[in-house]
Each structure stands twice: as structure tokens, then as C-alpha cells.
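Undergrad: missing the sequence, but the structure's below:
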């Protein structure tokens, strides 16, 4: 069967093509449209996916959307009515927003693809999350947890999945928690309070938390209360997200936590005000972790499973994932490469294939490289037009040797290889790579390339077999690190030598690299290890602040021209800046 | 490969055509629900039809002035 999965209209729209049970192509719209977090109906992504399989839309057996728009509309309407009269002013906007394209998804799909309504299906949002988490990993049985801001009504669900010997698949939902009681919304509320953009700045809260002390835990516990089975409820007096789109938190919330930070206000954790914000971040992070640990402990006891699959945007919290793995009782934990809404396109397609159409499960490699491939000739062409120095090497081996020489001499390398990654993390195919040894390198990356806050850490990539030598990985930690999904302590004896990737609290968001999934990147790490004694590289996404990760070689080239990267590599081409090439001022790339 | 481009009116009419059964199905579901949501059905139908009229206004520009006058 040829099934197209789609996610769209809220954030990170994407398309995924599954043929005979195996993903063929998956890409986020933002990677093609070049608009970060593009939520538009993913026409470019659909076109690209169909092109990979040389399919016409009419040849598709089914198109599956990742949520039920009518159910979502019911939630929005019911919430607005419940909050009346407080919601009075925001009601027209909420309705206008919902009654546009978002509600008529079946017709929109039909009108763009020219397929009949009978071929269009819908999964529930958390079913798509659950499928993306369970069906893309190798375990036969697992407990499943999904948690995000909100889908239709569900904000969190727990269940179990089983791939049976005869190929049948079962994903059984045990319980779900409904809006407005949401861990994702709780964290997003604090994200807004701390002056960061909701749905984008949650990473910053997690990074900032390491600079603070959880001194506000008691206050955070006043806004969220534990319930049976590890569940929880939010005290809605402290929140406004359920009544208006204008503000996430109420005046009572401000009375409890103090003045919120304005987005433009400088944030320095060494000042008293900055320390307060860091302490608030540390406190909500602690409570989030405690809550997730309680939920997963309870789920482990209830299901008796040894593997946990965790999906939804909350699963991007690597610090919490590390604690879940250590404390929940599960011996293995799997977070997909794209646990957020983009991954739901793949989840929806797989769910429809295995559950709606009852096709037998087919194993496929659990790597993240499902997107468009890089064309090195494009890089060579554009660089030669501009007269930049291009070095061509004779073999892959020579390329790796040359790259290692550059990295070992503290050059910053834009690295493009093969298909681009699905999800928010660059995992070695669209990465900026650098030596991980000094604080100076971290500062240079922050100031000249990423143009971002100094408190945000950089991640290391390490061959999976030796990860335990440098990082304190619990059992299952190496597996969790495959998609940079866990944060673990750097061993104290290595912290000085890995200063660029060691966060202020001594941890790092480790990527464990497997030879069979990323052979070239793995070989690069090995060669770097032979040269320097430490087979670890700093790996950060190949993009500038406010832009999506690069997809094509020309985008990598454009990034080279606009920031302090020293070289860009694709295929066997190494393009360097002219020695006199000016770097933009450090405020030039912020947005 | 590029998806076949259809005119705005053509696409709008497809959307409207597929919306009507969707609204009917949704309203029937609410009416039959046991969670006390029966009272929501008329409101949902009213809002959805309003939404459809707005889709029509965006689709057939000649109708837009008349439709926006209603609001």
C-alpha cells in the first residue's frame, strides 16, 4: 500500500510516504520552504515525497492526517464557552482561526491532490505520536507514553504496544489526560514567563535551568498537583492559556513568581534578576522531571514492560529523559528522532498502515535520514561562481583525513552528507562540527555562528561503543543517545578536555553514533579520535538563528557566507572562505 | 513532479462539497454523545456554516462584498 501521512496547520508541518509498510521519504515543510517551523499545508513536502517514489497523487491508496480537526474544534469551542465571559474578547479570533483552513482538512487534501474523500483518513493526534514512537523502533513490546501541549483533547496518554509474531500490531491506550491539564502547556507557560517564544524557546528554559537552583519548587507545586497513577492537574487560576491566546499566565501566577521577563531584556544568570529567572527555570524543570518520573514509574509497574517509547513534544526534554531512564524502572527507553508534530506525519502513515489497514508490521532501519539528499555539484558550482577556493579530494578517505586536519586546527566545519535528518536535531548529515575541547570554541560558535544566548550548551557526537568512557551513561543510555534524546553527566576527568560541550552543570546532550546508520560520520569521529586521542566532535545544527536547518548545498553555502564558519564540505568538495572574507557583525543573524 | 494546479474556484468548491458531510457527521456525533454535549450541536452547525460562507467569499470574489455585508 502507498500511504501518505501529513501533519500541518499548528507547527512543523511535514509529509511522510510509506510504501508497503516502510518509510520511503519524510520531510518537514520548513526544510523546503525555508520558513522555520512552517505550519502551512505541506505542498512542497508532498511533492518531494511523491517525486521520490515517482508517484502521482492518484496512485496513493490513502492519505492520513495526523489529527481530527473537528474534535479539535470541539475542544476549542468548549474551552472558550467554559471560560466565558473571560474568553469573550478572544472568541472571534479563536473562531476565525479555527474556521479557516484548519477545519476543512479533508477538502483541502482533496482539492490539492485530486483524490476522493474516501481515500482520506484521520488518526487522533496522540495515536500518531504513539505510532511514531513505537513503530519506528525495534522492540516487539513496549509501554508507550505521549505528552505534548495538546492534541484534540488529550495532552498526555499512556498505553502499550505489541508487534505480534504473525505481523499484527496492537497499540492499546490505557488512559489519557485532557486539556487544559497539560505538561506541555505548563512548560510553555514558563517559557512565555521567561520571555522566550512558545513552541520554540523551550530548549532555552532547559538550558537556563542548569544555571539556577530549584528554589521555586514549592511555588511550582502550587500550580500543579499530583493525582492517582502519576497523573496531575493544573490549578487553572494561575493560567490564561485556556481562556485567551494573548497570554499564558494569569496575574496570580505573576504574584507567585514575580515580574515576568520581557523578551528583549538581557538575560545574565550572574545578575540577581537573571538568577531569579534561572531559579524559576530550574524549578519548573525539576517539577516536570518529578512528574514524568512518577508517571513512568507507575506505567512500568502497571505494564511490567522493560521498554518505554516516549513521543510528543515533551519528549524533547533530554534532561527529563535522562532521569526517566535512571529512575522509572524501564531498562530501555526510545524517543524517536522527531517526537514532535513533524514526526506525526510518519506516525499517522504507519498507524494507518498497521492499525486501520491491518497490514503486517515490517521492520525498517531506525535512522533519522529520510529527507532530501545533498548535491555536492551544486556547492562546487555556486562557490566557483563566487570565486571562493574549492578543494577537491580524490576519495572519501582523503576527505575524512582533510576534515580531521581542519577540525584539529580549530576550524569550524559545515558538514553536509547524504539525506537530511527528520526532526529538530542535526545528527551528522547537516551539522556544524568543531573541536569540543575549549570554552573559547563554544564562545566562538555562540558569537560568530549561532548568534544565540551564552547559556545554551552544545552537544557532542561520539561513537556508541566508546560513549561510556567519556559520559556517565545509565543502562540504555547509549541507545537513548542515538537521536540526542538524553542528557547525561560528562565524566569529571574529561570535563576540562571537553569544555565546549560540557554544560555548566557538568552534563551534555550526547549523540551516540552507530557505524551502520551513519558510516561516514562514524568514520570521521574515529579518525578524529586517532589524531587527537578523543573521538568526540561538537555537533550543532547547520543553520543560523531563526532559520531552518540547511537542506541543499546552496543553503549551506549561503550560511558559510553569512557567519563565521570556516569551511563547508559536501561530497568531495571543500569550500573555504577567502582569507579576507568579512564576517557579518554578531547581531546580523539574530531574529 | 509538481501537483496539478487547480483554480481557486475549483478548489473552493471541492472544500465546500466535502465540508457538508463532515459537518453533518460531526453534529450527529455530538447529538448522540453521552457526555452532555448535545446542546453544542446547533452551535457547531451554525459556526461551521458561517465558516463555509467565509470560504465561499474567499473562493468567489464576486460574492465577497455581499457576504461581508452580512457580517
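TA: Structure received. Note that this is a predicted model, so its numbers are computed, not measured.

Undergrad: quick check: domain ranges of chain A?
TA: A:2-132+A:341-356, A:183-334, A:376-576 (automatic domain parsing).

Undergrad: quick one: the shortest one near chain B?
TA: Think domain A:2-132+A:341-356. Yes. For domain A:2-132+A:341-356 and chain B, the contact criterion (Cβ under 8 Å from any Cβ of the partner chain) is met by A:43, A:46-47, A:50-51, A:54, A:56-57, A:70, A:73-74, A:77-78, A:95, A:98-100, A:103-104, A:106-108, A:110-114, A:117. (C-beta placed from N, C-alpha, C; glycine too.)

Undergrad: returning to that earlier point: just say which of the domains of chain A is most tucked in.
TA: Across those, averaging neighbours per residue (mean count of other Cβ atoms under 10 Å in any protein chain shown) puts domain A:2-132+A:341-356 on top, at a mean of 22.

Undergrad: re the thing from before, adding mean pLDDT, write the domains of chain A out as a markdown table.
TA: Shown next, in a markdown table, are those (pLDDT from 0 to 100):
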| stretch | mean pLDDT |
| --- | --- |
| domain A:2-132+A:341-356 | 94 |
| domain A:183-334 | 94 |
| domain A:376-576 | 96 |
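
Undergrad: hang on, isn't residue A:470 packed against residue A:501?
TA: No. Here residue A:470 does not reach residue A:501: they are 9.8 Å apart, not a contact under Cβ atoms under 8 Å.

Undergrad: shared neighbours, these two?
TA: Residues touching both residue A:470 and residue A:501 (Cβ atoms under 8 Å, 6 or more residues apart in numbering or on different chains) are A:460, A:490, A:536.

Undergrad: For residue A:264, see how far away residue A:296 is.
TA: According to Cβ to Cβ, to the nearest Å, residue A:296 stands 38 Å off from residue A:264.

Undergrad: I misspoke; the intended subject was residue A:409.
TA: Taking Cβ to Cβ, one finds residue A:409 at 38 Å from residue A:264.

Undergrad: What of residue A:412?
TA: Applying Cβ to Cβ, the value for residue A:412 to residue A:264 is 28 Å.

Undergrad: Show me what the mean pLDDT comes to for the helix or strand harbouring residue B:64.
TA: Taking DSSP states H and E as the criterion, residue B:64 maps to helix B:64-70. For helix B:64-70, mean pLDDT rounds to 76.

Undergrad: what's near enough to touch the closest residue to chain B within the stretch 401-550 of chain A?
TA: Going by Cβ to the nearest Cβ, chain B is nearest to residue A:419 of the stretch 401-550 of chain A, at 18.1 Å. Contacts of residue A:419 were listed using Cβ under 8 Å, 6+ apart, and they are A:369-373, A:429.

Undergrad: of the residues you listed, closest to residue A:521?
TA: Closest approach to residue A:521 among the contacts of residue A:419 (Cβ to Cβ): residue A:429, at 7.4 Å.

Undergrad: mind checking the backbone torsions on that closest one?
TA: Backbone geometry at residue A:429, expressed as degrees, to the nearest 10, gives phi -110, psi -20.

Undergrad: who are the neighbours in contact with the residue in the stretch 151-300 of chain A that chain B sits nearest to?
TA: At 10.8 Å from chain B, residue A:153 is the closest residue in the stretch 151-300 of chain A, using Cβ to the nearest Cβ. Counting by Cβ under 8 Å, 6+ apart, residue A:153 touches A:71, A:75, A:176, A:178-179.

Undergrad: Which residue is the nearest non-sequential neighbour of it?
TA: Counting by Cβ to Cβ, 6 or more residues apart in numbering or on different chains, residue A:178 is the residue found nearest to residue A:153 once chain neighbours are left out, at 4.7 Å.

Undergrad: Count residues in the vicinity of that neighbour, would you?
TA: Neighbour count for residue A:178, taken as other Cβ atoms under 10 Å in any protein chain shown: 15.

Undergrad: I'd say residue A:339 and residue A:315 touch.
TA: Yes. In this structure, residue A:339 is within contact of residue A:315 by Cβ under 8 Å, at 3.9 Å.

Undergrad: Now do the shared contacts for the two.
TA: With Cβ under 8 Å, 6+ apart, residue A:339 and residue A:315 have common neighbours A:133, A:485.

Undergrad: Excluding chain neighbours, what is closest to residue A:320?
TA: residue A:289 (4.6 Å).

Undergrad: show me the contacts for that neighbour.
TA: If you count contacts by Cβ under 8 Å, 6+ apart, then residue A:289 has A:319-320, A:323-324 around it.

Undergrad: Dump the residues you listed to CSV, plus secondary structure.
TA: Output for the contacts of residue A:289, formatted as CSV (DSSP: H, G, I helix; E, B strand; the rest coil):
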residue, secondary structure
A:319, helix
A:320, helix
A:323, helix
A:324, helix
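
Undergrad: Closest to the geometric centre of chain B, which residue is that? Let me know.
TA: Centroid-nearest residue in chain B: residue B:52, 3.0 Å away (criterion: Cα atoms, centre = their mean).

Undergrad: Provide a list of residues in contact with that residue.
TA: Neighbouring residues of residue B:52 by Cβ under 8 Å, 6+ apart: B:16, B:19-20, B:23.
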